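Asker: Fold the following and give me the result.
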Amino acid sequence: MSDSNPLVSIILPVYNRQEFIAQAIDSVLNQTYNNWELLIADDASGVETQSFLRQYEGIPQVKLCVNTVNHGLFGNINKTIKTAKGQYILILCSDDFLKPLCLETLVALQSQYQEARLIISSFDAVNENGETMPSAIDFYYDQFARDTSLWFPKQLVPILLQYASINGNITGMWFSKKVFEEIGGFRDNWTHAADWEWIYRVSRTYPVLISRTNIAIIRNHDKQLSVDNRVNLRGTIEVSEVVKMLLTDEYLSAIPQRKLWARHIMQYHLWLACKFLLKGYWGKFQIIIKAVNNSTGFWETLWQMIKWLPVRWQIRQSKNFALPPS
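Answerer: Here you go, the predicted model:
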């Protein structure tokens, strides 16, 4: 198929959460752009969820891929992308949904910015009940990418440390299958920061487009995987690994603020360690302290956390988003 009408493979990883899946699938079926395939990647969900998904098997553009064992979010995505037939990949989480013009917008952007190998877009946010919430990603993009723009490695790699995981969510991530094959997949055994680490690998080599057209609606709720990752410490461990990678990157070596940015990220995890200590979870406290010490230094990060306390209080009172140090 020509570049003006490329086949797009939409990867929809599913693990239960039946209450949101129909809206996600319907948002694909209602796209104004028609040349797509939907790969529903069920990661060994319960019988009820699998039975629910089978109602979509009769739709020609929909393929149900069922794992007999659970591969985890990123392992499931990797496995499914390998079977995708599309020239381009779009990821859609099962608790989110696309705007009707999503694919049409992304195809047009890819045609306009042909050198881009990854497109990250801003999005709207809703809560569990579908009520509109302030979008954190819009707030942060307003600080460094007010307009749709192409970013090259020297520009974007420092942003990935200053602002951390700039995609905010894997829903809406658009990339060519060729880049996935060249760069390699997401880290199978990671559950929290695998998208951040993968974006870092891509951005070191290829131009990345940050689009300010909101193409999807992200649902924030208490059952998200990111909530579990804070409790089981996968978030802290993986974030500390990405921070260490970025601190040693050549594109950041000449930037004096790099250590300040890194400590700012890790002070949030040190704060989490304090919460665990107050609850008597000594083992979890020790794991976080070790991760912090190995990435940004315990005492340096502790001082950063103490200096940040007045700002933390102001943000809590105003319910605004926090800006990283400049």
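Asker: use CA for all of it now, contacts and neighbours both
Answerer: Will do.
Asker: Output the below-cut-off pLDDT ranges for this protein.
Answerer: Low-confidence segments of the chain (pLDDT under 70): 1-2, 223-231.
Asker: per the record, what domains does it have?
Answerer: Following automatic domain parsing, the chain resolves into domains at 8-223, 232-318.
Asker: For those, give me CSV that also has distance to residue 326.
Answerer: Shown next, in CSV, are the domains of the chain (distance: least, Cα to Cα, whole Å):
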stretch, distance to residue 326
domain 8-223, 8
domain 232-318, 8
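Asker: looking at these, which is closest to residue 325?
Answerer: Of all the domains of the chain, it is domain 232-318 that lies closest to residue 325, at 6.6 Å by Cα to Cα.
Asker: Centre of the chain to the closest one, how far?
Answerer: 19 Å (Cα atoms, centre = their mean, to the nearest Å).
Asker: Contacts only, for residue 64.
Answerer: 39, 40, 41, 42, 53, 54, 56, 57 (Cα atoms under 8 Å, 6 or more residues apart in numbering).
Asker: Swap in 7 Å and give it another go.
Answerer: 39, 40, 41, 57 (Cα atoms under 7 Å, 6 or more residues apart in numbering).
Asker: any idea which of those is closest to residue 105?
Answerer: Among the contacts of residue 64, and counting by Cα to Cα, the member closest to residue 105 is residue 39, at 20.3 Å.
Asker: Pretty sure that closest one sits in a helix.
Answerer: No. Under DSSP: H, G, I helix; E, B strand; the rest coil, residue 39 sits outside any helix and is assigned strand.
Asker: And the contacts of residue 64, which two are furthest apart?
Answerer: The distance between the two most remote of the contacts of residue 64 (Cα to Cα) is 12.4 Å, for 41 and 57.
Asker: In terms of neighbours, single out the busier of those two.
Answerer: Counted by other Cα atoms under 10 Å, residue 41 and residue 57 do not tie: residue 41 has more neighbours, with 23 against 12.
Asker: isn't residue 12 right next to residue 89, touching?
Answerer: No. The pair residue 12 and residue 89 fails to qualify as a contact (Cα atoms under 7 Å) at a distance of 10.7 Å.
Asker: ranges for the helices of the stretch 151-300 of the chain?
Answerer: 153-162, 177-183, 194-203, 225-232, 234-247, 258-278, 282-295, 298-318 (DSSP state H, counting those that start in this stretch).
Asker: In a markdown table, list those along with distance to residue 73.
Answerer: Shown next, in a markdown table, are these (distance: least, Cα to Cα, whole Å):
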| stretch | distance to residue 73 |
| --- | --- |
| helix 153-162 | 22 |
| helix 177-183 | 16 |
| helix 194-203 | 10 |
| helix 225-232 | 9 |
| helix 234-247 | 13 |
| helix 258-278 | 23 |
| helix 282-295 | 23 |
| helix 298-318 | 31 |
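Asker: Quick check: beta-bridge partners of residue 176?
Answerer: residue 88 (DSSP bridges).
Asker: so how far is the helix or strand hosting residue 108 from its chain's centroid?
Answerer: Secondary structure from DSSP states H and E places residue 108 in helix 102-112. On the basis of Cα atoms, centre = their mean, helix 102-112 sits 20 Å off its chain's mean C-alpha point.
Asker: What strands flank the helix or strand just after that helix, and is each parallel or antiparallel?
Answerer: Following helix 102-112 in sequence order, the next helix or strand is strand 118-121 (DSSP H and E). With DSSP bridges as the test, strand 118-121 is paired with strand 174-176 (antiparallel), strand 208-211 (parallel).
Asker: could I get these as TSV with distance to residue 240?
Answerer: TSV is the format used below for the strands paired with strand 118-121 (distance: least, Cα to Cα, whole Å):
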stretch	distance to residue 240
strand 174-176	26
strand 208-211	24
